[in-house]
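# coords please:
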Amino acid sequence: MHALIVYAHPEPRSFNGAMKDRAVATLESMGWVVEVSDLHAMSFDPLPRRTDFADPENADFFKYQAEQAHAATLENGFAPDIRAELDKLLRAELLILQFPLWWFSVPAILKGWVDRVFAMGVIYGGDVGFYSRGRLRGRRAMLAFTTGGPPEMYGTTGLNGRVDVVLWPLQNGVLNFVGYDVLPHFHAPGPARADDATRAAMLDAWGHRLREIDRTPKLEFHPLDDFDAEAGWTLKPGIKGRTVGQTGTG
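Below is the predicted model:
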């Protein structure tokens, strides 16, 4: 079994760094082969560029998705850094995105990794498919992240709103979009303000969560068959909408 952890924090001694290290140790103890893309250590370039493609199709007008789709048809169409990340991603049966929640989303370097590596024609789109027909269906993915604020801030009555709503663009619009079975997130709240015992407990909870990964129900999202493409991809009559972030085994 192969896992890929994409880690996006500039400080190796951060709590995110500790979570990444705990995930590697825990998964390896369970027999997983773990690869880590440490984006800051790699100086990963988050910016899409013409040089991402060995043989651009249109030299006059740069449309990134079109160039991705064209590169996907070539034997060595992508730049080496993208190809290396694609190879890791396609080896992995489990993807973990490890990051601090910044401005209600992932840090820019991680968003750039998604933009460049989730390539049209390879990971989604056209014959590759998307959502429940996506190429990465049957594989698992999850978010593991820290916040500066306490968990109460992300509850129904919290100042920042429900965390499942905050995460919807990532869990549905990134992971579910390419076909992953999305596992519930792991949230480590306020480690910078916590004492050593609390931080240790959070790391232990993270390790326990990973040891239980094969028994963790996935989040439920509507399959494509629930939608009417001719009606603008809206739910078909009679199909009840699901709550954001609902868990289940369906």
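
# rest of the way, CA atoms for contacts and neighbours
OK.

# reduced to three states, what does the residue lying farthest from the centre of the chain come out as?
The centre of the chain is farthest from one residue, Asp60, which by CA atoms, centre = their mean lies 32.8 Å away. Recorded secondary structure, Asp60: coil (DSSP: H, G, I helix; E, B strand; the rest coil).

# so what's the closest residue in space to Ala119 that isn't next to it in sequence up against?
Among residues not flanking Ala119 along the chain, Gln68 sits closest, at 5.7 Å (CA to CA, 6 or more residues apart in numbering). By CA atoms under 8 Å, 6 or more residues apart in numbering, the residues touching Gln68 are Phe53, Phe78, Ala119, Met120, Gly121.

# what helix or strand is Gln68 on?
Element membership for Gln68 (DSSP states H and E) is helix 64-71.

# mind listing what's buried in that helix?
By 16 or more other CA atoms under 10 Å, the buried positions in helix 64-71 come out as Tyr64, Ala66, Glu67, Gln68, Ala69, His70, Ala71.

# which single one of those residues is nearest to Asp38?
Gln68 (23.4 Å; CA to CA).

# with pLDDT and distance to Gly158 added, can I get the buried residues of helix 64-71 in CSV?
Compiled in CSV, these are given as follows (pLDDT from 0 to 100; distance: CA to CA, whole Å):
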residue, pLDDT, distance to Gly158
Tyr64, 95, 39
Ala66, 95, 42
Glu67, 95, 43
Gln68, 96, 41
Ala69, 95, 42
His70, 96, 46
Ala71, 95, 45
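
# re earlier: next one: the residue farthest from the centre of the chain relative to Arg49, how far apart?
According to CA to CA, to the nearest Å, Asp60 and Arg49 sit 14 Å apart.

# before we move on, back to that, could you dump the buried residues of helix 64-71 to a markdown table with distance to Asp115?
Shown next, in a markdown table, are the buried residues of helix 64-71 (distance: CA to CA, whole Å):
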| residue | distance to Asp115 |
| --- | --- |
| Tyr64 | 9 |
| Ala66 | 13 |
| Glu67 | 13 |
| Gln68 | 10 |
| Ala69 | 13 |
| His70 | 16 |
| Ala71 | 15 |
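
# dihedrals phi and psi, Ala119?
The phi and psi torsions at Ala119 (degrees, to the nearest 10) take the values phi -80, psi 130.

# ok, it touching Gln65?
Yes. With contact defined as CA atoms under 8 Å, Ala119 reaches Gln65; the gap is 7.4 Å.

# which residue ranges of this structure form strands?
Along the chain, counting by DSSP state E, strands occupy 2-7, 33-38, 94-100, 140-147, 181-182, 186-189, 227-228, 234-235.

# which other residues reach the first one?
Contacts with strand 2-7, where a contact means CA under 8 Å, 6+ apart, come from 17, 20, 32-39, 88-89, 91-99, 110.

# one more: the fourth one?
Counting contacts by CA under 8 Å, 6+ apart, the residues outside strand 140-147 that touch it are 15-16, 93-102, 171, 175, 180-191.

# buried subset of those residues as a PyMOL selection?
In PyMOL, this line selects whichever of the contacts of strand 140-147 come out buried by 16+ other CA under 10 Å:
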select buried, resi 15+16+93+94+95+96+97+98+99+100+101+171+175+180+181+182+183+184+185+186+187+188+189+190+191
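
# can you pull out the low-pLDDT segments for this structure?
The model of the chain has pLDDT under 70 over residues 242-250.

# all helices of it, in order?
15-29, 64-71, 80-91, 108-117, 163-170, 196-211 (DSSP state H).

# which of those sits closest to Pro237?
With CA to CA as the criterion, Pro237 lies closest to helix 163-170 of those, at 23.8 Å.

# buried residues in the closest one?
Under the neighbour-count criterion of 16+ other CA under 10 Å, helix 163-170 has Val163, Asp164, Leu167, Trp168, Leu170 buried.
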